[in-house]
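**Q** Pasting a predicted model and its sequence here:
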Amino acid sequence: MCRIGAIKSKHYIHPCKALQLMQSQQKGHDNSGFAMVMQDLGGLFAGYKDLPTLSMACTDEGLKIAEDILHEAGFRRVLQWVPETFPSDDLDIIAMPNYVFETFSYPRSYNKASTREKEELLLDMRLKMRRALEPDEQGFVYSFWPDVATLKEIGDPRDIGTFFNLWQEDGKFTAKVITAQCRQNTNYDIVRYAAHPFFLQGYTALANGENTFYQKNKEIQAKLHRGYIGFESDSQCFLYSLHYVHRQLGWPLPYFKHVITPLPFDDLQKRPDAQQLLTIRQSLANLEINGPNTIIGVLPDNTLFTCCDAKKLRPVVVGRTDDTVAISSEVCGLNEILPERDWSTDLYPHEREIVMITDQLEVVQWKQ
């Protein structure tokens, strides 16, 4: 099984909070890995929010290949942080030789480029690096995006935390939004790219559960966008649908829910926007999902949200204090990191709503 979690705060927080959130749910996952996406970065990266940061795990040769590709394209490194690691034979971790977080300036030819043009460039560069590194597994490029850092590893989450010294809180590596999961892709072959959360052009998604419409999602998504690749996990389809609906079509977030879990026809016909919803259902039928799942997502503006499948077959709970909101598969996760909250205000999203957390930490419930 999977367990997922997310933390959004007014203040910069350390990844140890995400580890604590997930550690309390240990009986609900299989200790096969830990992965996280950190957005709205603080610490060493706080002064470089407009510049892309490369997050990768690689060999020495893989690092050279990736850096050569970026330098040839005109990118110049302005910051490099290599986290200190603490290897030990006692740790259950399948480590890569290098873990690199590097921030780059854009090529000079993009000084006057629009934000959209820069975003397309960053995607193309990430895909190019991935293609170059894949044949011999010289490296894994998890993200190349402004104000984002991604870490994925195989092994016991406790040992991964120890290996990277993430149990010890410090100010170097922090963020205001952290999403995390403690499980590798053990339904299929273990591939580092398959670990949740998944990231694409500012969008993050992770899920607890299964997508039994994976095949039909995959067949249409592979034709929709050059960034929809890999499909190492059925849950990647959630990210690609989110990206397609919100970025490519430009629709508001609530329509994402209408696409993945459309209303029954009887309910749909009673609504004033019945014709629009019927058109969406007909034209995007292959993006509908099925099976027991809960999704947590983050938008490029750092809006955090969660929603469930149409039958609410996987748990999720949202809790908050004045300066922090957390989403967890189990309430014990909230109890661990937000023990002082008013527990009576916890939200348990149902099958026909999206719960959104704004940048001001306002919790908004949108009913489908």
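**A** The structure has been received and is ready for your questions.

**Q** Quick one: neighbours of the residue nearest to Pro254 when sequence neighbours are not counted, just the number.
**A** Using Cβ to Cβ, 6 or more residues apart in numbering and skipping residues adjacent in sequence, the residue nearest Pro254 is Trp366, 5.1 Å away. (Each C-beta comes from the backbone N, C-alpha and C, glycine too.) Neighbour count of Trp366, defined by other Cβ atoms under 10 Å: 15.

**Q** Could I get the contacting residues of Trp366?
**A** Going by Cβ atoms under 8 Å, 6 or more residues apart in numbering, Trp366 touches 253-254, 257, 353-356.

**Q** how about 10 Å then?
**A** 252-254, 257, 305, 307, 352-356 (Cβ atoms under 10 Å, 6 or more residues apart in numbering).

**Q** Tell me the buried residues in the host helix or strand of it?
**A** Mapping Trp366 onto the secondary structure by DSSP states H and E places it in strand 363-367. Within strand 363-367, not a single residue qualifies as buried, counting by 16 or more other Cβ atoms under 10 Å.

**Q** Partner strands of that strand, with direction?
**A** strand 353-357 (antiparallel) (DSSP bridges).

**Q** Just the mean pLDDT for the strand it pairs with, thanks.
**A** Mean per-residue pLDDT for strand 353-357: 97.

**Q** All the helices of this protein, residue numbers only.
**A** 16-23, 60-72, 115-133, 157-163, 214-224, 236-243, 254-260, 265-268, 274-283, 331-337 (DSSP state H).

**Q** want to throw the ones you listed into CSV with mean neighbour count, distance to Val318 and mean pLDDT?
**A** Shown next, in CSV, are the helices of the chain (neighbours: other Cβ atoms under 10 Å; distance: least, Cβ to Cβ, whole Å; pLDDT from 0 to 100):
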stretch, mean neighbour count, distance to Val318, mean pLDDT
helix 16-23, 23, 13, 93
helix 60-72, 17, 38, 98
helix 115-133, 17, 30, 98
helix 157-163, 22, 22, 93
helix 214-224, 16, 26, 97
helix 236-243, 26, 18, 97
helix 254-260, 21, 16, 96
helix 265-268, 12, 25, 93
helix 274-283, 14, 26, 94
helix 331-337, 20, 8, 95
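
**Q** okay if I get those helices as TSV plus distance to Phe101?
**A** Formatted as TSV, the helices of the chain follow (distance: least, Cβ to Cβ, whole Å):
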stretch	distance to Phe101
helix 16-23	16
helix 60-72	12
helix 115-133	14
helix 157-163	16
helix 214-224	29
helix 236-243	21
helix 254-260	30
helix 265-268	46
helix 274-283	39
helix 331-337	24
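
**Q** and Cys2, which of the ones you listed is closest to it?
**A** Among the helices of the chain, the nearest to Cys2 by Cβ to Cβ is helix 16-23 (10.5 Å).

**Q** how far is the closest one from where the chain is centred?
**A** On the basis of Cα atoms, centre = their mean, to the nearest Å, helix 16-23 is displaced by 16 Å from the centre of the chain it belongs to.

**Q** Can you spell out which helices and strands pack onto it?
**A** strand 4-13, strand 33-41, helix 157-163, strand 175-181, strand 324-328, helix 331-337 (3 or more Cβ pairs under 10 Å, 6 or more residues apart in numbering; DSSP states H and E).

**Q** one more time with 8 Å
**A** strand 4-13, strand 33-41, helix 157-163, strand 175-181, helix 331-337 (3 or more Cβ pairs under 8 Å, 6 or more residues apart in numbering; DSSP states H and E).
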